[in-house]
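Q: Just to be clear, the model below is a prediction. Sequence and coordinates:
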Amino acid sequence: MASLGVDLGGTKIEGVALDDAGRPLHRLRLATEREHGYEHIVGRVVEVVAALRPHAPDARVVGIGTPGSLSARDGTLKNSNTTCLNGRPLREDLEARLGLPVRLENDANCFALAEARDGAGRGHEVVFGVILGTGIGGGIVIGGRVWAGPQHIAGEWGHHVIDPAGPACYCGQRGCVETMLSGPALEAAYRAETGVDVSAAELARRADAAATAVMDRWLDRFGRALANVIDILDPDVVVLGGGLSNLDLLYTRGRDAVARRVFNDELRTPIVKNQLGDSAGVLGAALLVA
Ligand SMILES: [Zn+2]
């Protein structure tokens, strides 16, 4: 049976229809336009699904990946950085508008699922998928299935506090991994030292003293944060995704930083780049229904 997947992000909504062998039949992207609020975003998702359905007329369920997760208490969305979605019955409202059942899952979990099944984590039993981008997410896949936990927060390392004196996070804490390791945080650290705005990729190429100091600190924090996860989960592989996963030094100096912090005399865990690129999230959403 064909399947429909939607990746509902803060800036874009991506959709894909897959045939029964998992091959893309049709895909499209729309801007989320989140500044227009909750009802508008729901309408945008409905538009995407309406455009996909003729390509997968036998699809009976829609898989949706988005930041945050559904509350076990009342089924409303929580923890999304698109904060206008929080506290709203997103799945129920989408099911009512679409006339189809919706499986909704955290976007990092969708990323981890796609990479575990068809990407860099294939063949591994326990996969920790990491999103390093505008936000920081994480998802756990065990035996080819998402492990979300009874509270739907499993893998959310982005809100581990690594510096209680650090910057305020939208989640209410200070110094979360997300506020220290995200792309905007990295760029802000360099701007604070130099007054100069450069992208994370450019920063990684620069050899000036400020760039070196900022990158050293960032890699050390990456090592501290990821070692904490590995100490708990001891996954068979860690797959990195998101825009910052293209920084090659994560796999050399970043890995060394993890090895220095992990509770072991060596680090055997492979830390690898994703294979599915930007598509992993939406492919994972479609796999939720497969
Ligand atoms: Zn936080």
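A: All right, it came through fine.

Q: Contact distance from the ion - what residues of the stretch 101-250 of the chain qualify?
A: Residues of the stretch 101-250 of the chain lying near the ion by Cβ under 5 Å from the ion: 159, 169, 171, 173, 176. For the C-beta atoms, the positions are set from N, CA and C on the backbone; glycine is no exception.

Q: If any of the residues you listed are buried, put those into a ChimeraX selection.
A: To isolate in ChimeraX the members of those that are buried, counting by 16 or more other Cβ atoms under 10 Å, one can use:
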select :159,169,176
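
Q: which of the residues of the stretch 101-250 of the chain next to the ion has the weakest pLDDT?
A: In terms of pLDDT, the lowest of those is residue 171, showing 89.

Q: residues near residue 164, how many?
A: Residues within reach of residue 164, counting by other Cβ atoms under 10 Å, total 8.

Q: Quick one: residues contacting it.
A: 174-175 (Cβ atoms under 8 Å, 6 or more residues apart in numbering).

Q: State the pLDDT value of it.
A: For residue 164, the model assigns a pLDDT of 96.

Q: looking at this, residue 105 is in a strand?
A: Yes. Per DSSP: H, G, I helix; E, B strand; the rest coil, residue 105 lies within a strand segment.

Q: per-residue confidence for the residue nearest in space to the middle of the chain?
A: With distances taken as Cα atoms, centre = their mean, residue 108 lies nearest the centre of the chain, 3.2 Å away. Looking at residue 108, its pLDDT is 96.

Q: Any idea what the nearest residue to it once chain neighbours are set aside is bridged to?
A: Distances taken as Cβ to Cβ, 6 or more residues apart in numbering place residue 137 nearest to residue 108, at 3.1 Å, with adjacent residues excluded. Bridge pairing for residue 137 (DSSP bridges) gives the partners residue 131.

Q: Kindly provide the distance from residue 137 to residue 36.
A: Residue 137 is 24 Å from residue 36, where distance means Cβ to Cβ, to the nearest Å.

Q: distance of the residue nearest to residue 108 from residue 69?
A: When residue 137 is compared with residue 69 (using Cβ to Cβ), they lie 11 Å apart.

Q: if you go through this protein in chain order, where are the helices?
A: Using DSSP state H, the helices of the chain run over 38-52, 90-98, 107-118, 177-181, 183-194, 200-205, 209-233, 253-261, 280-287.

Q: Please enumerate residues in contact with the fourth one?
A: It stands for helix 177-181. 132, 135-136, 157-163, 166-169, 185, 218, 221-222, 225.

Q: Quick check: ChimeraX command selecting the buried ones in these.
A: To isolate the buried members of those in ChimeraX, using 16+ other Cβ under 10 Å:
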select :132,135,136,157,158,159,160,162,166,169,185,218,221,222,225
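
Q: my guess is residue 72 meets residue 150, correct?
A: Yes. Assessed by Cβ atoms under 8 Å, residue 72 is found in contact with residue 150 at 6.4 Å.

Q: Same drill for these two, tell me which one is more crowded.
A: Between residue 72 and residue 150, counted using other Cβ under 10 Å, residue 72 has the larger neighbour count: 13 against 7.

Q: Find the nearest non-adjacent residue to the more buried one, please.
A: The shortest distance from residue 72 to any non-neighbouring residue, by Cβ to Cβ, 6+ apart, is to residue 151 (5.8 Å).

Q: tally of neighbours for that neighbour?
A: Counted with other Cβ under 10 Å, residues neighbouring residue 151 total 12.

Q: swap in residue 187?
A: 18.

Q: strands paired with the worst-scoring helix or strand of the chain on mean pLDDT, and their directions?
A: Using mean pLDDT, DSSP states H and E, the weakest-scoring helix or strand in the chain turns out to be strand 69-70, at a mean of 92. Applying DSSP bridges, strand 69-70 is found paired with strand 77-78 (antiparallel).

Q: what does the strand it pairs with rub up against?
A: 66, 68-71, 85-91, 104.

Q: Let's see that with 10 Å instead.
A: The set of residues external to strand 77-78 that reach it, using Cβ atoms under 10 Å, 6 or more residues apart in numbering, is 38, 66-72, 84-91, 104, 151-153.

Q: List buried residues within these.
A: 38, 66-71, 84-86, 88, 90-91, 104, 152.

Q: wait, isn't residue 237 in contact with residue 271?
A: Yes. Counting by Cβ atoms under 10 Å, residue 237 does reach residue 271; the two are 7.9 Å apart.
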